[in-house]
Structure formats: structure tokens, C-alpha cells
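In: predicted model and sequence below, questions to follow.
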Amino acid sequence: MEKILTTLEQMHHGTGAAETKPHIQPLNSKHSQSTVTTRLRDMIKAIRSTKTMADERAVIAKESAFIRTSFKSENLETRYINVQKLLYIYMLGYPAHFGQMECLKLVASNKFMDKRLGYLGIMLLLDENQELLTLVTNSIQNDMNNGNIQIVGLALCTLGNISSPEMARDLTADVEKLLGSGNSFVRKKAALCAVRLVKKVPDILENYQSKATSLLQDKHHGVLLTAITLLIEMCKIDPNVAEELRKSSVPILVKHLKNLTTAGYSPEHDVSGITDPFLQVKILRLLRILGNGSTFASDAMNDILAQVATNTDGSKNVGNAILYETVLTIMDIESENSLRVLAVNILGRFLTNKDNNIRYVALTTLTKTSQTTLSADSSALQRHRATILDCLKDSDVSIRHRALDLSFFLINSSNIRILTRELLSFIEVAESDIKSSVASRIVDFAGRFRPNKRWEIDTTIRVMRAAGAQVDASTVNHSVKLITTSSKDLQLYSVRKLYNLVRLEGDLALSQEGLVLVTVWCVGEFGDVLVRGGDGGNSLTGGDDDDMVAGQTDYMTAPSENDVASVLDSILKGPFASVLVKEYIITALAKLTGRFTDKPVLDSIRSLLGKYQNHTNVEIQARAVEFTAITRLDAETRAALLECMPVLESALKEESLKGTGQPTSAVTSPGRQTTAPRAAENILDFGEDLMSGAPAASKAPVSGSTAANDLLDLVFGGTPAVTAAATMPAFGSSAFGGASNQSNNIMDLLGGISMTSGSSTSMQTAPMGMGGMGMGVGMGMGMMKATSVNQQTTKPSNANDLLGDLFGSGPVQSQPAAPSMSLFDSSSSNDPFGSLLSSPSVPTLKSYPCYEKNGLRIGLTPERLDGGLAISITAKFENLGMGGGAITGVAFLVAVPKSLKLAMQPPSATSIPPAGSATQVMRIDNPSRSAIKLRIKLSYAVQNLMGAQQVDEIVDFGGFDASLWS
């Protein structure tokens, strides 16, 4: 651009005249030392000679001030040079808006040089949103009717760059007329300008359709190129245009492409031995649009595509560009199978190219086409398997990632073992940020195409060994579900192999947290099988040959009960024991007390659990306290509580699809990050708060439909949220795996346990997020802590009260409650859990509308507590979606009279998507039984097309029914 502006200066003033002008002149008397240049070349030299950015800014400031002064003086002789310098300043990133009017004045000049510089300035300094642009419309229209085709070209070029919808409508007739000009230069410029106009105003598209189609008969390559560009844009805007072009234009395009392919040497259009590759690429792109979904059009172009793919020289980039467009066209149209195989082979040749850019393009294209590939394409792709796998070892990280995505499309039942070994080798050296995604996909495809289940288990364990520190919860869950759905022999094989891996490999295995979590879970669940099983599954066949290393029998050794407890103790004390690992181990130790029989070992486990009763982490402390209480129960009750978990129905459904090549419900699409499974499938759910570090109070409660199959959430409350008593589902309802889900009802594990009941206890709060390993509903109930707003003391628990024994004689919250929430009922002396397994109806609570504006609706649902001495209110915030956007930053503050006492829980969410909702629970103590009145300060932001609209309001509400406190 510097050379262009300098040349323009010399052409306008003449070299000699420019040299006779003074090089510098003083800016003003105040800055006598400050000088400015009068030529563009001198200003460029001055700017380049500066040594710091501060010096450069000083020079620019001086020049800008001088230019402003010159503009004010209306000096016609210096306007051209000043605009030149101003455009150079603009290209350096400094403001130059004050020169817009001067550019308009240059455009109004009769001189071609002035018009050229003026139009250049308009294209740089103005855009379609500025009102000043309306002043240019008349000048452009006049210049489009000028007799000088160069000036016509300048006007069309400017309109094609900065046209607004209003300008497009005003000048479309002039552009349409110029499309039929007798000069090829004008036709070419008019076609390019029309591309911009139809983008801005699609309604005028039909005005250009016939003219653009007729330009396909033009022999001038530039006109053909621009006409095809216009037609491509029109096809994208209106599919009906493509439908009409298929009938009339495909033979013409095929003819042009054939002439370009078979034509001899043409110096005017030759690029590296190929005739006009730019036009060939444009024709191929239009053919790709016309042939997509049309068998008739595809048949007409099959032969020429085969000819181009065969005869084009691929030794240079020009030929590779044409071959690449040809491949894309073949893959997108309804082409013959042989032609598609030819396209895959061309991409295979690209993979052997030394240029990384070409290899990257080939890998990306093969991955894209493989997503919707035919069987013939898959067979052709398999021929290049070795080349693709070699790309996994490339030094370029982009090549490795694209080869990784493509490698998963190569997998089938016949090569699953070979490709899995390559992928496992890759994951060992892969970057940490992609290991999680790769691990998820490997275990998914291992399940899809597994030759047998033991091989899948071996592969999953190898993945955990290689990337256990990076795997996400979905991969850990997958591993656990795989083992729980296995036969007894495979469970024995799996738990011993995992245990001995951790024992023998030491820190190498302990540093892989995912492997440790799966191991600890399996040891806790199958501890009796681990120590008293048979030969460890050595008689099983079909495992991973790579895993059969020397000393394999060491991995099948049966440990003693004391060895298991010692290993878990050493992990707890080791440097790799994160909070999550400690939670798993403490739960596993509690489960082992129901599986081990050696009294010294049981005593050591109780002692170990006791050490964590004062842990600084609340979750670990709670587990230790509650599990210690469980270990003091008699052996029969403890064994019933700690019974093995049943297999999830979702896991059985996934298992039925394994080995068929079909994706399971936990499928991971190649090239995408694995997402965590739904809560219903999360067998190892410790609650998202533990996995992500978010506070438990911010999590929403698990809905009944989601939690029906989540056995761990039933036991430990994997998704915690403090709610009012009325919001808790009735025990035995579908939310807790009731009659509608008999096969997954973990409460059935407690059938037959009988004991007498003590004091009646009701639940007002949801349990803390205990997550983890399920042991039975009795254990889950034992861990539900009374964390309500105001705790109250109850009568001492009966000596025979099982749940009271779990907590000792400490106070537990009590209040009048519905029978459906009672843990014990004196009417069922033989089966205290009978009320848990029943499904009584829950009374419907009345909701009071409180607020509805700006698409936000708030309803208040009160519940009478303590005979009217307290009230629990659930505020529900609903986004009605009226503005089409989310409602964010919701703040709900409440004030009550001094005679009342208010306690509020955090909201379930502060951002509400369209059609979404959030809740917030508060408790009001009302000892004087006075009327409850609320003053609410509400603050939120509504997201809409205009941005975020902040709303702050104060609402007074006192419409509650007096029966709530009277």
C-alpha cells in the first residue's frame, strides 16, 4: 500500500514538481522545533526512523495536527497528499476519521487520480452503518454511468465493498444494466458488485438470476469466474436457484471444465502448467452444489470428475488444490462407488506428501467424509490404515490430533485389537489435556467391537493405567458398570488384577486416580471374592495378549484380609490420597466390615475409621462418624445393610449392545469431548459438588425421573440440595425407585429386617452429598443429617432404635410431619421400614403468585410447620422466555417484621434459561402467630437482543392464608 500511495503521489504531481517542494515546514510558532513533512515518502521515513512507540505516536500526532489544519484551509493543492498520508496513518492503526469528508470531495473531482484515491479512502474509512455513506450514493451512481470504464470500475468496486441495504436497493438497477455491458471489464466488476448486493438484500436476487446464467456463455475467463461466484452465492441464499440451474447449466459447466482440462498451453491463463486453476476450482464448487441430492446432475458430471481426478498433476500445489476440490465434489454429490474410491485414494496420496498442510487437509477431509461414509468408502479407507497410524507419531501436534480422530473411524470388529494397541500407545505419550477424551472414546469403542468381555476389561484397565489421572467420571463409571455386569469369574479376575496392580506397581499406579477409584470401589464391593475366590480367572481366555506379561500370575494372587486392610491404609496415608480417594476408601472399609470375618482385621478397620472422625473435611468426617456407628451393629444387621449393590437396568441395556458395533447410551462421538452421563447412569456419583468443587447448596435436587435408577443417589443423596419438607419425595415413591421401578428398588435389600421403633423422626432437609458406593437404604438413612435451619431436640432415642444408635443420643430435628415422611411408625412393630416402602399420597400445597414482569414469574409455596409456629416457603422462579434470552444474576432478598425470625437457604441457581426455573427455600419462625408479610427486594438481568437489561424492584407481599399460622 505504501508503494501504491507513493506512486499515486508521483503520478499526480510529477516527480520533478515533488522534488522542488520543501521537505519540511514549521507547524506553528509555539512548536518551532516541531516539523512536519509535506510528502508521503518523507512521512514514512520519519515514522520508520523512530526508535520507540512513544516517538512514533509523537510523529503521528504532529502529522495529524498538520493535516487537520490543512483541511480547514481548504487547500486544493495539498488535499491529495494529505489524504495519502492520512490513509497511511490509518493503516498503522491510528484514528483518521476526520478525513472522511475530504475523501468525498476527492470523489467529486473530475480527475481520475483524485477519484481513485477518494474511493480508496471511502472504502477504508467508511462502512455501511455510517450516515455519511448516503452522500456517496449520488457520486457512485454518476460514476457508474461515466464513459470511462476505469471510473465505472472504481464505482462498482466501492459499492461492492461498502454497500448498505439502502444503497443496494437504490443502485441495483444500474448494476443490473452493467451486467449486460459490452465491455468484459465492466461485466466482471458488475458481477462482483452484485454478490454484495444479493447478500445485503436477498429480495433482489431474482433480478440477477437470468443475467448471471447468461454470463456462463461468456468466453472471457474473468467474467466466467465472477458469474460463477455470483451463482454460488445465489444458490446458498435460495435453493430454488440451484434447482433451475441443474436443468440448464450443468452441461455448460461440464463443457467449460472439459475445455480447461484438455486445452493446450495458454500463456494468458497458465499457472504452473495448469490452465486457469482458479476458474476450475470455482466450476467444481458450483458443480458440488448442483450435484448434491440430484442423481440426474451427478450422472452428468461423473465422467468429467473422473477425468479431472486422473489427469491433474499432483506434484505441485496448484494441482493439489484442484484435486482437493474434485474430491470434495465427488464426496458431496451422488457419485458412483468407483469414483468415491478414487477420491479416497487421492486423499491417501495426500497423506504421503511431505507438506504438513496437505496432510492436514487430507486427514480432515477423510474424517469429515467418514462420518457419513458408505461401506465401499470404508473399505478404501482401510487400505491407508498404516499411513494414518503413522501420523499418530508425527511431530506436528495438529497432524496427530486429526489422525487420532480418523483412527476411530477405522475401527471395526476385525481390527479392534490392533487399533486399540496403537491408540493405547498413543495415549501414553499424548498431551494431558486430551487424555480424558481419548480414554473415553477408547473404552467406548472397545465395548462396541469387543471380541469378548475379558478383553474389554483388560483394555479398560490398561486405559486406566495409562490415563487414570486425567479420566473423567464417565470413564470411571463405565469401568465399574462393566465389572458389575460381569460373571462371578470375571469379577474375581477383575478385582484381583486391579488390587495387585495397585499393590505391585506402587506410586506408578497410585498416581492414576481413576485406577485407584475403580480399584477401591471393587475391593469394597467384592472384598469377599478377592480374598476367598478361586484361581483368579486364570482359566478364562480371550484377554489382551499385551497384558500377559512375565509374572502375570502375581496379579492373580489372593491376598489375606489383613493385606487388603493394610493396602487401603497405606493409600490413605500416601501422597496421592485426594479427598475423593479418601471418601472412596472410607466407604470401602465400611463395606468390608460386612464381608470380612477376621476379628483383628475388623477391629483395625474400626480403629482406622475412628481416626477420621475429627477430620477437617466435613464430608470425610461425616462418613467416618456414621460408618463407625454402622460397624458397631451386630453382624447380621451389618451384613444386610452392607449387601452388594444390584446391577443397574441401564448397565444391562448397555451390556446388551456391547460387541454389536452399535453405540451404547454412553457413546462418545469421535472428535468431541466426552460429556458426563446422566445422573441415572452415574453409578459412582459422589455428587457434582465433590467432582467439581462447587458448593453443595448450589446444586438442584435430583428429579424423580432421573433418580429412579441411581442407586447411589438413593442411598447417599448424590445431588444435594437443602429443601423444605414438602419438596422431599415420599419414601417409596417413584423418585426413590418405588413400585414403578421394582427391579431397581434398593430398598428391597432391607426386606426381612425387623426391629422395634423408638421416637418418630421426620426429614426436613435433603441428605448431604454422600455419594459413593451403595450399601443399602438403611445405611443411607443413617447418614442423613439433620441440617435444618433451626434444630430442635427430641426425646432420647429408644435403645432398640437402629437409626438412633447410628447417631448415638445426640439431638435430631423433630416436628409434626406427614406419615409418608416418618422413618418409624409404632403401628409396624415388626417392620419399621414398612412406611419407607409404601407410597402414600403427598398433599398438594398451594402456590401464591408473587411477581410476574419482564418474563420472570415468581410463585411462593408455603407449608405449615410446628403447628403454625413456623412456616417453610419455597420460592420458584420461572423464565417464561418472553424475551428469548436467559435471566441472569437473580438476587432474591426478603425482610420480615421484627416479631418474625427469617432464615434463607441459597438459591438452586442464579441464572435461569428460557423455559427454565430455579428455587429458593426460606423458613420463618412465627412464635406470636402474627400475619406474615414480606418485603422483597428483587434484582435480575434480562438478556435480549438489545443486551442485558438490569431490573431492580421492591415488592410487598402479604397474601398468605391465615390458616398457615392460626
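Out: Done, it's in.

In: CA only for contacts and neighbour counts going forward, please
Out: Will do.

In: chain center to stretch 597-607, what's the gap?
Out: Relative to its chain's centre, stretch 597-607 lies at 47 Å (CA atoms, centre = their mean, to the nearest Å).

In: and it, what's buried?
Out: Buried residues in stretch 597-607, counted by 16 or more other CA atoms under 10 Å: V601, L602, I605, R606.

In: burial of the nearest residue to the first one once chain neighbours are set aside, as a residue count?
Out: Using CA to CA, 6 or more residues apart in numbering and skipping residues adjacent in sequence, the residue nearest V601 is N562, 5.8 Å away. The local packing of N562 (other CA atoms under 10 Å) involves 16 other residues.

In: pretty sure N562 is in a helix, no?
Out: Yes - the assignment for N562 (DSSP: H, G, I helix; E, B strand; the rest coil) places it in a helix.

In: excluding sequence neighbours, find me the nearest residue to L351.
Out: The nearest residue in space to L351 (CA to CA, 6+ apart) is R359, at 4.8 Å.

In: sec struct for the one you found, please.
Out: helix.

In: that one reaches T352, doesn't it?
Out: Yes - counting by CA atoms under 8 Å, R359 touches T352, with 7.3 Å between them.

In: which of those two has more neighbours?
Out: Neighbours per residue, other CA under 10 Å: of R359 and T352, the larger number sits with R359, 23 against 16.

In: contact partners for that one?
Out: Neighbouring residues of R359 by CA atoms under 8 Å, 6 or more residues apart in numbering: F350, L351, T352, N353, I399.

In: next: E636.
Out: Per CA under 8 Å, 6+ apart, neighbours of E636: none.

In: all strands for this protein, in order.
Out: Along the chain, the segments classed as strands by DSSP state E run 24-26, 35-37, 270-271, 274-275, 848-853, 856-865, 870-879, 887-895, 901-904, 917-925, 934-944, 947-957.

In: now the first one: average pLDDT?
Out: Strand 24-26 comes out with an average pLDDT of 39.

In: any low-confidence regions in the protein?
Out: Within the chain, the stretches with pLDDT under 70 are 1-37, 264, 372-377, 534-553, 664-843, 882-884, 945-947.

In: the domain parsing of it - what is it?
Out: 472-533+557-658, 848-964 (the TED database).

In: looking at these, which is nearest to A65?
Out: For A65, the closest of these is domain 848-964, at 37.7 Å, according to CA to CA.

In: show me the helices in the stretch 451-600 of the chain, by range?
Out: Secondary structure of the stretch 451-600 of the chain (DSSP state H, counting those that start in this stretch): helices located at 453-467, 473-484, 488-505, 507-510, 513-525, 527-532, 561-573, 579-592, 599-611.

In: list the helices and strands the second one packs on?
Out: Same thing as helix 473-484. If you count contacts as 3 or more CA pairs under 8 Å, 6 or more residues apart in numbering; DSSP states H and E, helix 473-484 packs onto helix 432-448, helix 453-467, helix 488-505, helix 513-525, helix 649-657.

In: quick check: buried residues in the longest one?
Out: Meaning helix 488-505. Judged by neighbour count using 16+ other CA under 10 Å, the buried positions of helix 488-505 are 489-503.

In: just put the domains of the chain in JSON lines and tack on distance to A300.
Out: Shown next, in JSON lines, are the domains of the chain (distance: least, CA to CA, whole Å):
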{"stretch": "domain 472-533+557-658", "distance to A300": "43"}
{"stretch": "domain 848-964", "distance to A300": "47"}
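
In: please identify the most buried of these.
Out: Stretch with highest mean neighbour count among the domains of the chain: domain 472-533+557-658 (a mean of 20; mean count of other CA atoms under 10 Å).

In: how far is that domain from where the chain is centred?
Out: 33 Å.

In: thinking again about what came up before, which one of the strands of the chain lies closest to T229?
Out: So among the strands of the chain, strand 274-275 is nearest, using CA to CA, at 18.5 Å.

In: direction included, what does the closest one pair up with?
Out: strand 270-271 (antiparallel) (DSSP bridges).
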